[in-house]
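Trainee: Just a sequence and a predicted model for now, questions to come.
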Amino acid sequence: MLHLTKNFPLKKDELTKFFCIAMMMVMIIFIYSTQRIVKDSIVVTNMGAELISTLKLWAVTPSAIIIMLLYAKLSDNINKTKIFHFFNCLFVGYFLLFTFVINPNIDSLTFNLENLKNQLPYARYFFVMLENWSYSIYYIFAELWGSVMLALMFWQTANQVFQIKQARIIYPLLGLTGQIGMLLSQYLNNKFTNTNFASTWQESLEYINSTAAIAALILSALYFILSHCLVSSDIINAETVKKKKKKISFTDGLKHVFSSKYIGLITLLILCYGVSINLIEGVWKAQARLVYTDAQSYSSFMADIQGYTGYSSMIAMAFGSYIMTKISWRFAALITPIMIMVTGSIFFGYAIFEQEITTLLPFIATLPVVITAVLVGSLQNILSKGTKYAFFDASKEIAYIPLDESLKSKGKAAADVIGGRLGKSGGALITWVLLLAPGTSLIDISPTLAVVFIAIVLVWFGAVQLLAKEFDKISGDKL
């Protein structure tokens with residue numbers, strides 16, 4: 001039907017390499033999906049959805065900058081293989097520490113700043129974040145797993161192994177395979193949060209993060225096989241090999257990265273995606289919290305959403321590798337902002353004009369919050385992320401391939417880790433400022449968020465056009 005066999009660019013002896021990389025993605029996506037559910041369940045049910053913007057702005061973004069600087073420093077001294085294992089152990093190590101040591105003693109580790117919250121009501125969310133420091137740190141690690149292990153470490157490895165012609169077909173297939181991890185996460189989360197299986201949230205958490213630790217061990221084993229048996233270490237650690245011949249200072253490397261217009265445009269794409277999707281998700285999660293009030297039920301709900309997102313992504317990715325060979329990079333990169341613009345506008349339209357809509361359609365007036373949170377918001381999240389995983393991620397990673405080794409490494413670190421965090425913190429900053437007035441909720445500021453959302457997506461369209469011109473120049477892309 002799609003003539004995949006005819007167009008597939010790998011020889012039979014390279015399929016083992018492809019399978020190993022695909023299974024690595026399954027493990028990374030599995031951990032990413034489980035931690036996304038856990039962090040939201042912890043924060044939304046214990047601290048409130050309004051705390052998400054504060055955490056992203058004042059905790060996750062500074063941590064992302066520190067991680068990027070740490071990565072850049074480590075890459076000057078040790079190879080990427082060791083860096084991969086280091087970050088894998090660092091992240092999963094805290095997940096286990098929280099699960100088996102911190103959370104069982106959470107009451108004695110949480111302190112009270114009620115006096116400060118009363119004296120400085122405009123900074124109340126900041127003090128709530130400090131009070132619940134263990135939840136906050138967990139949120140930081142769970143958020144940065146995707147930025148570091150998926151966006152940076154995994155895709156950097158794939159970009160070293162595959163060429164543009166191969167990537168056009170393989171990257172959507174990698175994304176398709178990776179959805180197995182998301183679906184597995186949904187199944188296990190629903191199983192572990194079922195009260196017939198685990199009577200308390202603590203028990204559920206222990207089961208969930210024990211499976212995440214097993215996945216991390218498998219991930220390190222797969223990376224060891226890839227880097228020692230299937231691919232030359234000179235390919236995996238290409239930039240490190242060059243540095244042995246010519247040492248590049250940390251400062252010079254950063255200057256090289258941030259002076260690149262090309263990397264700047266990729267960063268802008270990532271930033272626009274992060275801001276736009278987070279403006280929507282904040283309102284959606286606040287509404288969902290009104291329906292799912294405890295951590296176990298909220299976790300089960302979010303697991304179902306991830307499952308449907310996985311199916312949506314698989315449908316898009318099933319055709320993605322074929323479509324990517326038939327359309328230009330420009331058009332592939334535009335699919336995601338178009339989908340987010342359409343579905344996001346529908347979501348905000350319902351959130352803002354809910355009363356008018358229920359007057360016109362009285363049959364939905366019985367459960368307006370449920371309809372908004374579970375149907376409209378969930379559908380937006382599922383469709384937008386499905387196209388994001390199928391087309392945005394693939395086209396973004398293809399854009400890195402023609403670059404020199406320094407920009408592939410440090411440039412990617414700056415664009416993905418910092419750009420991704422600035423995208424989320426940009427949305428968080430906007431939300432945080434609007435929430436400064438005491439008594440204000442995310443639902444109250446929906447009209448203002450909608451205007452900002454549309455403006456950001458329009459900037460996204462412009463950035464794609466500019467980057468497409470640069471990509472065509474350096475890659476010779478003829479599609």
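Mentor: Cool, got the structure.
Trainee: Next, L188: secondary structure please.
Mentor: What DSSP: H, G, I helix; E, B strand; the rest coil gives for L188 is helix.
Trainee: ok, it - contacts?
Mentor: L188 makes contact with 34, 207-208, 211, according to CB atoms under 8 Å, 6 or more residues apart in numbering. C-betas here are computed from N, CA, C, even on glycine.
Trainee: now do 7 Å
Mentor: T211 (CB atoms under 7 Å, 6 or more residues apart in numbering).
Trainee: Buried ones in stretch 95-106, by neighbour count?
Mentor: Residues of stretch 95-106 classed as buried by neighbour count (16 or more other CB atoms under 10 Å): 95, 97-99, 102-103.
Trainee: now the strands: where do they sit in the chain?
Mentor: Shown for the chain, no strands are assigned by DSSP state E.
Trainee: most centrally placed residue in it?
Mentor: Nearest to the geometric centre of the chain sits G146, at 5.0 Å (CA atoms, centre = their mean).
Trainee: quick one, what contacts it?
Mentor: Y32.
Trainee: hmm, back to that, now, which of the buried residues of stretch 95-106 sits nearest L183?
Mentor: Ranked by distance to L183 (CB to CB), the buried residues of stretch 95-106 are led by F95 at 20.7 Å.
Trainee: returning to what we had before: out of the buried residues of stretch 95-106, who's nearest W329?
Mentor: For those, the nearest to W329 is F95 (36.7 Å; CB to CB).
Trainee: how close does the closest one sit to I454?
Mentor: 37 Å (CB to CB, to the nearest Å).
Trainee: ok, now R330?
Mentor: Counting by CB to CB, the gap from R330 to I454 is 21 Å.
Trainee: all helices of the stretch 351-479 of the chain, in order?
Mentor: Remark: helices assigned in the stretch 351-479 of the chain by DSSP state H, counting those that start in this stretch are 354-360, 368-370, 377-387, 393-400, 405-406, 412, 419-434, 446-475.
Trainee: Which of these comes out lowest on mean pLDDT?
Mentor: Lowest mean pLDDT of those: helix 368-370, a mean of 54.
Trainee: Next up, the contacts around Y139.
Mentor: 39, 43, 55.
Trainee: Burial check on the closest residue to the first one other than its chain neighbours, number of neighbours?
Mentor: So the one you mean is K39. In this structure, K39 finds its nearest non-sequential neighbour in A142, 3.8 Å apart by CB to CB, 6 or more residues apart in numbering. A142 has 25 neighbours, counted by other CB atoms under 10 Å.
Trainee: give me the low-pLDDT residue ranges for this protein?
Mentor: 1-14, 232-258, 320-322, 355, 357-374, 406, 417-418, 421, 438-439, 476-479 (pLDDT under 70).
Trainee: ok, now with 50
Mentor: 1-5, 241-250, 253 (pLDDT under 50).
Trainee: just to revisit the earlier point, the more surrounded of R330 and I454?
Mentor: R330 (17 against 14).
Trainee: where does the nearest residue to the more buried one once chain neighbours are set aside sit relative to K261, distance-wise?
Mentor: Of all residues not flanking R330 in the chain, A468 sits nearest, at 3.7 Å (CB to CB, 6+ apart). From A468 over to K261 the distance is 13 Å, taken as CB to CB.
Trainee: of those two, who's got more company?
Mentor: Shown here are A468 and K261; by other CB under 10 Å, A468 has more neighbours (21 against 10).
Trainee: The more buried one touches W329, doesn't it?
Mentor: Yes: A468 is in contact with W329 according to CB atoms under 7 Å; the separation is 6.0 Å.
Trainee: For M302, give me its contacts.
Mentor: M302 sits in contact with 37, 40-41, where contact means CB under 7 Å, 6+ apart.
Trainee: Repeat that for G386.
Mentor: Shown in contact with G386 (CB under 7 Å, 6+ apart): 309, 312-313, 316.
Trainee: most surrounded residue in those residues?
Mentor: Busiest of these [other CB under 10 Å] is S313, holding 27 neighbours.
Trainee: roughly how far apart are that residue and G420?
Mentor: 18 Å.
Trainee: again, but for G307
Mentor: 24 Å.
Trainee: the more surrounded of those two?
Mentor: G420 (26 against 21).
Trainee: What distance do you get for the residue lying closest to the more buried one once chain neighbours are set aside to F154?
Mentor: What sits nearest to G420 in space, not counting adjacent residues and going by CB to CB, 6+ apart, is S147, at 4.8 Å. Using CB to CB, S147 is found at 11 Å from F154.
Trainee: and if you look at F192?
Mentor: The value you get for F192 to F154, if CB to CB is used, is 25 Å.
Trainee: ok, now which ones touch A142?
Mentor: Contacts were defined as CB under 7 Å, 6+ apart; by that measure A142 touches 35-36, 38-39.
Trainee: and which of those residues is nearest L458?
Mentor: Checking these one by one against L458 (CB to CB), the nearest turns out to be R36, at 27.9 Å.
Trainee: That closest one: how many residues sit nearby?
Mentor: 20.
Trainee: how many neighbours does I66 have?
Mentor: With other CB under 10 Å as criterion, I66 counts 11.
Trainee: try the one 10 residues further on
Mentor: By other CB under 10 Å, 16 other residues sit near D76.
Trainee: Contact partners for C20?
Mentor: 222, 225-226, 230.
Trainee: What is the nearest of the contacts of A142 to E354?
Mentor: For the contacts of A142, the minimum distance to E354 (CB to CB) is 27.0 Å, reached by R36.
Trainee: Skipping its backbone neighbours, what lies nearest that closest one in space?
Mentor: A142 (6.6 Å).
Trainee: ok, now how distant is that neighbour from V60?
Mentor: The gap separating A142 from V60 is 10 Å, by CB to CB.
Trainee: Over to F192?
Mentor: 26 Å.
Trainee: Then I443?
Mentor: Separation of I443 from V60 (CB to CB): 23 Å.
Trainee: Kindly report the same for A221.
Mentor: 29 Å.
Trainee: which of the two has more neighbours?
Mentor: Using other CB under 10 Å as the criterion, A221 and V60 rank with V60 on top: 25 against 14.
Trainee: Might you report the residue contacts of the more buried one?
Mentor: 140, 143-144, 421, 424-425.
Trainee: quick one: which of the residues you listed is nearest to N381?
Mentor: The closest of the contacts of V60 to N381 turns out to be K424 (CB to CB; 15.0 Å).
Trainee: so the closest one makes contact with G274?
Mentor: Yes: using CB under 7 Å, K424 makes contact with G274 at a distance of 4.5 Å.
Trainee: Name the residue in the two with the higher neighbour count.
Mentor: K424 (28 against 23).
Trainee: give me every residue that touches the more buried one.
Mentor: K424 makes contacts with 56, 60, 274, 278, as judged by CB under 7 Å, 6+ apart.
Trainee: From S75, how far out is the closest residue to the last one other than its chain neighbours?
Mentor: Counting by CB to CB, 6+ apart, the nearest residue to N278 once its immediate chain neighbours are dropped is G427, at 3.4 Å. With distances taken as CB to CB, G427 is found 29 Å from S75.
Trainee: Neighbour count for the two, which is higher?
Mentor: G427 (28 against 23).
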